[in-house]
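# With the sequence up front, the predicted model follows.
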Amino acid sequence: MSWLLPVRRSVVRPQYLLRNRGTALPCAHALSLCRPRCSSTFCPSNIAELLRPSPQSISAQRTPRDNEALTINGYVRTVRKQKRIAFAAIGDGSTLQTVQAVLPPQLAEGLSTGVAVTVTGKWTPSPGQGQSHELQVNQVQILGENDATCHPPIITSSDCEGAGEVFTVAPEVPSSSDKSSSNQIKKHEDMFFGSPKYLTVSSQLHLEALAQSVNKVWTLSPTFRAEKSDTARHLSEFYMLEAELAFVDDANVVMDVVEEMLRSVALKLQESVVGQELLEARARDQDQESTSVSHATLAQRWQGLAEGPWPRISYAVAIRHLKDAVAQGKVEFEYAPGHEDGLQTEHERFLAESLGRGGPIFVTDYPRNIKPFYMAPSNDLTVDESAAPTVACFDLLVPEICELVGGSMREHRLEQLLKSMEEQGLQQASDDSTDASDGSLQWYVDLRRYGSVPHGGFGLGFDRLLCYLAGVPNIRDVVSFPRWHKRCDC
């Protein structure tokens with residue numbers, strides 16, 4: 001069974017996984033749905049489950065039979081190439097143990113430590129010591145290259161040339177002749193970190209790094225936005241639930257995780273004592289003046305989350321629907337809908353109420369020019385090729401609250417990521433991608449150089465979710481110490 005590494009939280013090990021879409025799935029269980037889709041081969045959710053299957057796992061997590069076809073994802077930990085045979089240890093971060101892959105020399109070409117791979121073969125008893133079974137590989141797919149001969153360590157404690165033959169890493173001391181430069185250096189020295197740093201707006205980029213080690217990671221942590229929005233849906237400091245999933249190549253899989261997770265929350269809330277008490281309180285408040293939503297509206301919200309599947313429409317379809325509604329006189333907007341202008345709050349609210357039937361709705365494949373640099377291009381064949389380029393992303397819209405979740409596939413290819421950064425002014429043009437001047441995002445770009453794999457993720461506004469589930473109209477009322485533009489009282 002797949003296990004997750006929650007950043008700044010303890011490790012969660014799901015005990016079971018239910019495949020029925022109408023059955024409640026906790027967050028960790030929903031995340032474990034993201035695994036390769038295989039038809040003729042057995043595909044364990046991770047190596048830990050392959051080597052030590054949980055006794056509470058369902059049949060899909062069984063131990064493979066001898067000589068059964070098997071496919072696993074992971075990273076090459078070590079590789080030994082001989083004249084007639086090669087051995088590779090494959091790990092994925094779910095356990096310290098590895099799977100020994102035995103393969104012919106021609107299939108081992110291009111394999112080195114750190115390379116991300118998908119390998120398929122027969123699961124056979126091992127004649128060697130150290131493992132009960134091994135994988136006799138007949139197919140190798142390299143997902144992310146990592147040539148160890150081209151990328152050795154830069155800083156090391158090993159003196160392999162003898163004393164006195166190595167350089168010592170030391171900070172550069174600027175010339176004191178340049179007064180302005182000296183003042184600038186002094187200014188930076190006075191800073192705690194030595195240079196300007198900022199409160200985080202998202203943990204996504206860091207989760208992407210961790211996902212390359214343990215496949216699936218999440219964090220529930222504070223984020224900060226310096227937006228001057230004074231609305232019932234915005235705060236300057238709020239909590240975000242973010243997740244990243246490696247070895248995923250379709251945004252629909254990420255949307256499945258979001259849908260199953262929120263459906264699980266809604267179903268458990270409907271069955272809980274707290275949920276019943278909340279509905280009863282809303283029923284009592286109907287005869288009184290109250291700013292909270294009614295009993296019927298709150299029950300409808302929960303039911304809308306519990307039912308499914310939720311509609312999924314492209315951004316182009318959404319814009320066309322908005323324009324048709326205006327042309328037919330069904331609605332009037334303060335801001336006219338346009339393909340290059342993005343969706344305004346009033347547009348999102350109308351889409352959730354009309355196409356979402358009062359429940360959640362996914363809007364996918366937004367134009368590239370209004371989305372961040374890290375999003376991968378769309379691969380949806382239904383997207384009009386004559387239209388502007390789009391990216392494989394989605395927003396989950398719900399009534400009143402509007403955007404609740406945002407997610408996308410991340411660009412995992414080095415050249416394409418550098419090009420996207422350059423187009424958005426984050427990267428200087430360079431003929432050699434390895435010497436690209438990518439500034440403070442160098443570490444993020446480097447993730448694509450060393451065994452990168454297709455991956456995607458999402459971020460959920462946790463306080464907005466509380467607002468929606470509790471029927472509270474203002475997000476400030478579900479936060480202990482709300483802070484927004486020009487208001488930070490404690």
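Alright, I've got the coordinates. Nothing here was measured: the structure is a model prediction, and the numbers come from that model.

# Count the residues that sit near the residue nearest to A470 when sequence neighbours are not counted.
Spatial nearest neighbour of A470, chain neighbours left out: V478 (6.4 Å); criterion: CB to CB, 6 or more residues apart in numbering. C-beta coordinates here come from the backbone N, C-alpha and C atoms, glycine included. Number of residues near V478 (other CB atoms under 10 Å) recorded here: 19.

# so who does V478 touch?
Each residue near V478 by CB atoms under 8 Å, 6 or more residues apart in numbering is listed here: D463, L466, C467, A470, V472.

# which of those residues are buried?
When the contacts of V478 are checked for burial by 16 or more other CB atoms under 10 Å, the buried set is D463, C467, A470, V472.

# Check the gap between the second one and L305 for me.
Going back to what we said before, that points to C467. Taking CB to CB, to the nearest Å as the criterion, C467 is separated from L305 by 14 Å.

# before we move on, back to that, in a markdown table: the contacts of V478, plus distance to G338 and pLDDT.
Shown next, in a markdown table, are these (distance: CB to CB, whole Å; pLDDT from 0 to 100):
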| residue | distance to G338 | pLDDT |
| --- | --- | --- |
| D463 | 30 | 93 |
| L466 | 33 | 94 |
| C467 | 29 | 93 |
| A470 | 35 | 92 |
| V472 | 33 | 89 |
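
# Inside helices: which ones of those?
D463, L466, C467, A470 (DSSP state H).

# Would you format the residues you listed as TSV with distance to A101 included?
Compiled in TSV, those are given as follows (distance: CB to CB, whole Å):
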residue	distance to A101
D463	46
L466	46
C467	49
A470	51
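
# Determine which two of the residues you listed are furthest apart.
For these, the maximum inter-member distance is 10.5 Å, found between D463 and A470 (CB to CB).

# any low-confidence regions in the chain?
1-40, 53-62, 148-191, 287-290, 380-387, 427-439 (pLDDT under 70).

# what comes up buried for the longest strand anywhere in it?
Determined from DSSP state E, the single longest strand within the chain is strand 68-81. Buried positions in strand 68-81, judged by neighbour count with 16+ other CB under 10 Å: A69, L70, T71, I72, N73, G74, Y75, V76, V79.

# mind listing the strands for this structure?
Applying DSSP E to the chain gives strands spanning 5-7, 68-81, 86-91, 99-103, 116-125, 133-144, 216-224, 237-246, 312-314, 361-364, 393-398, 402-410, 455-461.

# and those as CSV, adding distance to V265?
Shown next, in CSV, are these (distance: least, CB to CB, whole Å):
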stretch, distance to V265
strand 5-7, 17
strand 68-81, 28
strand 86-91, 33
strand 99-103, 35
strand 116-125, 32
strand 133-144, 33
strand 216-224, 13
strand 237-246, 11
strand 312-314, 20
strand 361-364, 17
strand 393-398, 13
strand 402-410, 12
strand 455-461, 10
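
# show me what contacts A336?
Going by CB under 8 Å, 6+ apart, A336 touches V326.

# how far away is it from D324?
With CB to CB as the criterion, A336 and D324 are 13 Å apart.

# And for S202?
Applying CB to CB to S202 and D324 gives a distance of 35 Å.

# higher neighbour count, the two?
Remark: of S202 and D324, S202 carries more neighbours, 17 against 11, as counted by other CB under 10 Å.

# show me what contacts the closest residue to S408 other than its chain neighbours?
Of all residues beyond its chain neighbours, the one nearest S408 is C393 (3.5 Å), with distances taken as CB to CB, 6+ apart. C393 sits next to A251, T364, D365, Y366, K371, M375, G406, G407, S408, M409 when contact means CB under 8 Å, 6+ apart.

# Dump those residues into CSV; add distance to P125 as well.
Formatted as CSV, those follow (distance: CB to CB, whole Å):
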residue, distance to P125
A251, 40
T364, 46
D365, 48
Y366, 51
K371, 50
M375, 45
G406, 48
G407, 42
S408, 43
M409, 39
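
# Name the nearest of the residues you listed relative to V217.
Out of the contacts of C393, the member with the shortest distance to V217 (by CB to CB) is G407, at 14.3 Å.

# what's the burial count for the closest one?
Close neighbours of G407, defined as other CB under 10 Å, add up to 28.

# which residues does the closest residue to it other than its chain neighbours bridge with?
Of all residues not flanking G407 in the chain, F458 sits nearest, at 3.0 Å (CB to CB, 6+ apart). Going by DSSP bridges, F458 is paired in beta bridges with A243, G407.

# can you tell me which residues contact F458?
Neighbours of F458 in contact, by CB under 8 Å, 6+ apart: E242, A243, V254, V257, V258, V405, G406, G407, S408.

# so what's the first one closest to, chain neighbours aside?
Closest residue to E242 in three dimensions, ignoring its sequence neighbours and counting by CB to CB, 6+ apart: G459, at 4.5 Å.

# ok, the one you found to T63 distance?
Here G459 is placed at a distance of 36 Å from T63 (CB to CB).

# So those two - more neighbours on which side?
Using other CB under 10 Å as the criterion, G459 and T63 rank with G459 on top: 20 against 15.

# neighbours around Q276, how many?
Around Q276 there are 12 residues (other CB under 10 Å).

# With T291 instead?
10.

# I'd like the distance between W484 and P222.
Going from W484 to P222 by CB to CB gives 14 Å.

# Tell me which of these two has more neighbours.
The residue with more neighbours, out of W484 and P222, is W484; 20 against 12, by other CB under 10 Å.

# Could I get the full set of helices for the stretch 151-300 of the chain?
179-189, 204-214, 251-271, 273-285, 295-306 (DSSP state H, counting those that start in this stretch).

# Of all the ones you listed, which one comes closest to E237?
Closest approach to E237 among these (CB to CB): helix 204-214, 17.5 Å.

# Show me what the closest one packs onto, helices and strands only.
The contact analysis (3 or more CB pairs under 8 Å, 6 or more residues apart in numbering; DSSP states H and E) places helix 204-214 against strand 5-7, strand 216-224, strand 237-246, helix 442-446, strand 455-461.

# neighbours around the nearest residue to I361 once chain neighbours are set aside, how many?
Closest residue to I361 apart from its sequence neighbours, by CB to CB, 6+ apart: P311 at 4.7 Å. In terms of burial, P311 registers 16 neighbours under the definition other CB under 10 Å.

# ditto for S126
Here the number of neighbours of S126 (other CB under 10 Å) works out to 14.

# do the same with A101
Residues near A101, counting by other CB under 10 Å: 25.

# That one reaches I85, doesn't it?
No - at 11.0 Å, A101 does not count as touching I85 under the criterion of CB atoms under 8 Å.

# any chance you could map the helices in the stretch 301-450 of the chain?
Under the criterion DSSP H, counting those that start in this stretch, the stretch 301-450 of the chain contains helices at 315-327, 345-354, 414-423, 442-446.
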